[in-house]
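Undergrad: Requesting a structural model of the entry that follows:
(4 chains)
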Amino acid sequence: MTTQIPDLSEQEQLRYISQQAADARVNVEIETEGMTLNLGPQHPATHGTLRIIAKLDGEQVVAAEPVMGYMHRGYEKLAEVRTYPQVTTLVNRIDWVGSFANETPFILAAEKLMEVEAPPRAQYIRTILHEMSRIANVILGIGDMGVQVGAVTPIFFAFRDREYVLNQIEAVTGGRFHPNFDRIGGLKDDLPAGWIQNTKNAMEKVRDFCDQIEELMYGNEIFQARTRGIGIIPKDVGLAYGLSGVNIRGSGVDWDVRRDNMSPGLVYDQVDWKVWTHPDGDSYSRMWVRLQEVREGTKIVDQLLDQIPSGPIMAKVPRIIKVPAGEAYVETENPLGVMGYYVVSKGDLNPYRVKIRSASFNNVSITPWLLKGVYVPDIITILGSLYFILGDIDR
Amino acid sequence: MSDETAVDTVDEADVVAETDEVREATLASLTDEVGDGIVESHIRPNDDIWVRVSRDAWVDTGMALKSMGFGYFSFLSAIDWMPSPFGRDMDSQVDLTLNPPEDEDDDVVMETGVAGGDTRFQVFARVNDIVNNRAITLKADLPDDDLSIATWIPVYSGANWHEREAAEMFGIDFVGHPNLRNLYLPGAFEGNPMRKDFALLSRRIKPWPGIVDVEPMPGEDEEGEDA
Amino acid sequence: MIAALVAQAANPLTSSEFDIPENIAFAIIAGLMLFSAIKMVTTGNVMHAALYLVIVLAGVSALFILLGSDFVGATQIMVYIGAIIVLFLFGIMLTRAQMGDDDSVESERRTMGAIVGLLLMVVMGYALVDGFRNEELVFGEPEQVRYVVTEVALGDLPTPVRDAFDRFDGLPDSTMVELSEAEVEGLPIEVARRVPGAELFGNNKEIADSIFSQYIVAFEAVSVLLLAALIGAVVVARKE
Amino acid sequence: MISILSVEIPYWGQTTFRVLGGLAAVLLPAGALVYIYLFKLMSFVQSRLGPMEAGPAGSLQLLAEVGKAFQKEDIFPRKADKLVFAAAPFVVLMSTFLLILVVPFGPDAWFVNLDTGIFFALAVSSVSVIGILMAGWASASKYSLLGGLRAAGQLIAYELPLVLAVMGVVIQAGTLNMQEIVYAQAEGEIFGISGIGNPFIITQFIGFAIFLIAMQAELTQPPFDMPVAESELVSGYMTEYSGIRFLLFFIGEFATAGVFSMIASVLFLGGWWVPGLDPDSNLFNILGPAVLFGKVMLVTFLIFWFRFTYPRFREDQLQKLAWKVLIPLSLVNIVATGILKVVF
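TA: Residues are numbered from 1 along each chain as shown, chains lettered A, B, ... in the order given. Below is the predicted model of the structure:
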């Protein structure tokens, strides 16, 4: 026990330093009467029903506290009384902008417990759809950031080009928003004819979108002035808060579950792609990494489309699924970050306990620390750059 | 609950042996740090590692893990091992005929999961070492008469909201938490929804239709009409 | 163009025609100003008081414009309404932007204030009356008056007027020129029409002339004073 | 505008004409701007169609919107200061109508030919701040209050570069009279080349750029729209307004855009005059308004182009831009203009 005391003090030192940094951003010199601004629950900036109670000094935030729960649907409880295939319908609605990606980790966790593995073709299609829902989601996040900083046009471009991706997802799954397509042991259906070429065209359009938006938004001086050096998350603070996905890679942490902690059932190791990071840790770096991820995503999809093996899309699983007793945790790299399901089974039709580790919950939990000392307009850009979906926080 | 170690294929065995070493080493160094705080542990080869620690060693374990490189906080939650008193009595009749409840005996047997457990409530958390791609799931039993455990906020700041959620959902007191208010539920909400004995009201009012449409497996078209 | 000018010059607003709307406008503005001024000091709401002050100051500006000195009127708007009142409102909103009446503005010395105000009015009224005691209030007969002289009539002009045009060499053929009363004596109204209300005060040229010649020292002194105040304000605000 | 009629019109008749003319001169360009730019050009930029249902290509959409606003309930927040709340939109709109007074539409077509025209225009343009502050305060809402304060800070800050940008033109033209500024451009010459006149945009290009930027800020349009920043302050000082009063703010916004563009056209683009034509020609009394409208559309195109594509500044960045860039630049411009004026 004695050996860890220097380490311990170092940890505490770090925490202290970061806390001091947050405090120092609040200008305590000029004392004016504070004002409490209530952003939300219905507010244009929160894209959903997040409420932020911000104590202001002038336009500077002294303390900010998010209030959630306006959309809490209790999926963890509901999952306990549903059969395993029925749970996918629920979890589809967690991050409703990239729905398919919500199903994947749960199905993989169930597969792990059942010790079945989907056939290769199903794994490929699953990975493609997972990546496409990532693209569909992140595109919207980029466009939404435009709205947060006051540019009205990017969001329309985002919606336009997201539609191409959604059309392709719909062509396979029959659902634009809630595919509910993943099955334990494989997928519901095979690809329709001509889908591969159409998807490649769609990916081409997404790449065009990336170029357009880079010119329109990222290259804009005002956009850079609004995001550079704003909302800096140091590496260790981000890790301690459990930030994931782009938000941690934007702080220079080279960690991507797709590459590093890949679960069986996805085939990201079969393709050539790059994990982008940015050392700055500010709003701009998060948005920049996000844009690069869309580009990488299109590359991944293109390569996978070329490689899809033939074969069945469903492994042999019983008609009525009973999952053997055990516990399994599977996490995947979802659009908003790392999403994981901790599934406890008692050998029944229903899961005994499903802990949903959603990305946005952790990502947003840093806001009280991060928003301290910033100005009111920066609240919006910081929240926009963290990019959360309310369903992913409240579950 | 430790039958997952059964390995079915032969070629996986060498992989198992290799990764086992990593996880065993992790466990060993953790044991060095925490000592007898570790009650039980379980390693699923090539996959995951579970460590159950005593309640008093909870914070120490967290700090030890953080100093070992597990700097990434993934989640913290709790689990109620007491089987639901309602069981499956509100499932539809179809489900009950298809899958009759296995043990009809009335005395409720509490079985716990991986790495065991002695009491009804267990707090569990997961931290990652993102450099070496290791992750560890920690568990700690809470005595039934004192549902409290020290807060993890000094170790992992991100535990703040997770503990609030666990507190309102399970009624667990996190000692030292600065702001243990309800996160999701209204302030005046009574009860702890995630406890197994908290009835899911909609289920009590209206039985679940159950497995009404089992879709045919791809390839065996329209044969499952008899269900 | 010429025809238009002739038409314009041929239909001047005779004094009787003009005076009616002018007087009505004056009555409305003055009434509004009086009402607002009284409300301003009697209302219990600080914000309302400031807004009533806006009406008073706007009325002053309107009166200036009515008198033909639009430069002073515009300056009044720019300085008082655009800057000072905005500063007032800004300060009120930042500090005590509360709704409804504010009891703390009720002062027990209201009667004292009224007495002082009355005294001030008497003194100022006396000063005004005294200052213009020997002045004959004659409209339209200052030394130099603005006239519109039309191009068509240029040839018929008597020499002094033609000289005046030579004086303003480079101006467009038909424009407003400034001539002395003697120079246009006896000219037909089609040729030279007095611009109503355009007396020689309150116009930018005259103001600039007087500021930068007669009152240059005072002007510079005030500028330095303002600069000093500005620097002082910065120093006070940036307490170290 | 009145004097071209050779019939004798009594004073009250003239006044009525002027009021009607003022309404038309403010509202028609505003409507055109909203339909052509806000509805159609914006939709084109954002790859959508815009309103298509009301009338051919949605051309009657504007009427539909106005009708909708009229039908809506006129809501007052419970804690609002009713009188101030109700009056605020009118004050904002009043500033716009005062602005139009000094804009010349032709050699003889004007409402008031003030000697100090441009000075008067700049003075009355600051009146709208009062209306915005009234709206922000009287709404009894924090969003409105913050929006009002931001608007006031911004409008005051950009008043300066606006005025200073105009100074260059005034020095070059040697007059404050808007009509004479047009004549100065029509009859001027650029470095000895006469005949096509001298639209001041050529010699006063810096002034024109500063004027446009400052105008954008005065209009609180993106990238200077923090007072109404919809993603943070909902709608700023307009948050609590609904129905007809919101419509008044809306009209005020676009009418002011139109009128400011008219002033910019007069100052920098030669107003109602077209290069190569005799400015004294009676033709311009008819053609002038149309020419001016065309120039207004050019200027507003720039404004709206920025509006559609740019993100918004933060409040402190905006102030920095005003005080550290625009004002020094415009002072330099004034000095340079003054020196050149003396030299040439």
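Undergrad: Can you give me the distance of whatever residue of chain A ends up closest to chain D to residue C:79?
TA: For chain A and chain D, the shortest gap (Cβ to the nearest Cβ) falls at residue A:150, measuring 2.8 Å. C-beta here means a position set from N, CA and C on the backbone, and glycine is covered the same way. Distance from residue A:150 to residue C:79, counting by Cβ to Cβ, to the nearest Å: 33 Å.
Undergrad: between those two, which one's more packed in?
TA: residue A:150 (27 against 15; other Cβ atoms under 10 Å in any protein chain shown).
Undergrad: That one: what secondary structure?
TA: What DSSP: H, G, I helix; E, B strand; the rest coil gives for residue A:150 is coil.
Undergrad: what residues are up against residue D:75?
TA: Contacts for residue D:75 (Cβ atoms under 8 Å, 6 or more residues apart in numbering or on different chains) come out as D:240, D:242-243.
Undergrad: What is the nearest of these to chain C?
TA: Looking across the contacts of residue D:75 and measuring by Cβ to the nearest Cβ, the closest to chain C is residue D:240, at 12.9 Å.
Undergrad: can I assume the closest one is in contact with residue D:142?
TA: No: contact criterion Cβ atoms under 8 Å: residue D:240 and residue D:142 do not qualify, at 10.8 Å.
Undergrad: Please identify which of these two sits among more neighbours.
TA: Per other Cβ under 10 Å, whichever of residue D:240 and residue D:142 has more neighbours is residue D:240, with 22 against 16.
Undergrad: How about that one: what's its closest non-neighbour residue?
TA: Spatial nearest neighbour of residue D:240, chain neighbours left out: residue D:139 (3.9 Å); criterion: Cβ to Cβ, 6 or more residues apart in numbering or on different chains.
Undergrad: same check, this time on residue A:248
TA: Counting by Cβ to Cβ, 6+ apart, the residue nearest residue A:248 is residue A:238, at 5.0 Å.
Undergrad: Then that neighbour would be within a strand, right?
TA: No: Residue A:238: not assigned to a strand; according to three-state DSSP it is helix.
Undergrad: number of nearby residues for it?
TA: Neighbour tally, residue A:238, other Cβ under 10 Å: 26.
Undergrad: and if you look at residue C:43?
TA: Look at residue C:43: counted by other Cβ under 10 Å, it has 18 neighbours.
Undergrad: any idea which helix or strand of chain C has the worst average confidence?
TA: helix C:2-10 (a mean of 41; mean pLDDT, DSSP states H and E).
Undergrad: Next one: residue A:274 from residue B:131, what distance?
TA: Counting by Cβ to Cβ, the gap from residue A:274 to residue B:131 is 19 Å.
Undergrad: burial measure for the residue lying closest to residue A:261 once chain neighbours are set aside, as a count.
TA: Spatial nearest neighbour of residue A:261, chain neighbours left out: residue B:133 (5.5 Å); criterion: Cβ to Cβ, 6+ apart. Number of residues near residue B:133 (other Cβ under 10 Å) recorded here: 14.
Undergrad: and the residue of the stretch 151-300 of chain D found nearest chain C, how many neighbours?
TA: Of all residues in the stretch 151-300 of chain D, residue D:280 sits closest to chain C, at 4.7 Å by Cβ to the nearest Cβ. The number of residues packed near residue D:280 is 17, by other Cβ under 10 Å.
Undergrad: That one falls within a strand, correct?
TA: No: read with three-state DSSP, residue D:280 is coil and lies in no strand.
Undergrad: what about the residue of chain D at minimum distance from chain A, which SS state?
TA: Closest approach between chain D and chain A, counting by Cβ to the nearest Cβ: residue D:312, at 2.8 Å. Look at residue D:312: counting by three-state DSSP, its state is coil.
Undergrad: what's the closest non-adjacent residue to it?
TA: Using Cβ to Cβ, 6+ apart and skipping residues adjacent in sequence, the residue nearest residue D:312 is residue A:150, 2.8 Å away.
Undergrad: May I have the predicted confidence score for that neighbour?
TA: With respect to pLDDT, residue A:150 scores 79.
Undergrad: Hmm, it is touching residue D:229, no?
TA: Yes: counting by Cβ under 8 Å, residue A:150 touches residue D:229, with 6.1 Å between them.
Undergrad: sorry, back to before: wait, the residue of chain D closest to chain A touches residue A:151, no?
TA: Yes: counting by Cβ under 8 Å, residue A:151 is a contact partner of residue D:312 at 7.5 Å.
Undergrad: What does the pLDDT read for residue D:264?
TA: pLDDT for residue D:264: 90.
Undergrad: neighbours around the residue in chain C that chain D sits nearest to, how many?
TA: Proximity of chain C to chain D (Cβ to the nearest Cβ) peaks at residue C:82, 2.9 Å away. Other residues near residue C:82 come to 25 when the count uses other Cβ under 10 Å.
Undergrad: That one looks like it's in a helix, true?
TA: Yes: checked against three-state DSSP, residue C:82 lies within a helix.
Undergrad: Next, the contact list for the closest residue to it other than its chain neighbours, please.
TA: Leaving aside its sequence neighbours, residue C:82 sits nearest to residue D:126 (Cβ to Cβ, 6+ apart; 2.9 Å). Residue D:126 sits next to C:77-78, C:81-83, C:86, D:95, D:155-156, D:159 when contact means Cβ under 8 Å, 6+ apart.
Undergrad: swap the cut-off to 7 Å and go again
TA: By Cβ atoms under 7 Å, 6 or more residues apart in numbering or on different chains, the contact list for residue D:126 reads C:78, C:81-82, D:159.
Undergrad: and what of residue C:47?
TA: By Cβ under 7 Å, 6+ apart, the residues touching residue C:47 are C:92, D:137.
Undergrad: pLDDT weak spots in the chain?
TA: Since you didn't name a chain, this refers to chain A. Within chain A, the ranges that satisfy pLDDT under 70 run A:1-35, A:40-48, A:58, A:262.
Undergrad: my bad, the chain I had in mind was chain B
TA: For chain B, the ranges with pLDDT under 70 are B:1-20, B:87-110, B:115, B:207, B:209-227.
Undergrad: still on that earlier bit, for the residue of chain C closest to chain D, give me the pLDDT.
TA: Reading off the confidence values, residue C:82 has pLDDT 79.
Undergrad: who's in contact with it?
TA: Residue C:82 neighbours (Cβ under 7 Å, 6+ apart): D:123, D:126-127, D:129, D:159.
Undergrad: quick one: contacts for residue D:279?
TA: By Cβ under 7 Å, 6+ apart, the contact set of residue D:279 is D:107, D:183, D:186, D:273.
Undergrad: Now render those residues as a markdown table, adding pLDDT and distance to chain B.
TA: Formatted as a markdown table, those follow (pLDDT from 0 to 100; distance: Cβ to the nearest Cβ, whole Å):
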| residue | pLDDT | distance to chain B |
| --- | --- | --- |
| D:107 | 75 | 72 |
| D:183 | 79 | 70 |
| D:186 | 78 | 70 |
| D:273 | 80 | 67 |
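Undergrad: out of those residues, which are inside helices?
TA: Secondary structure from DSSP state H places D:183, D:186 of those in helices.
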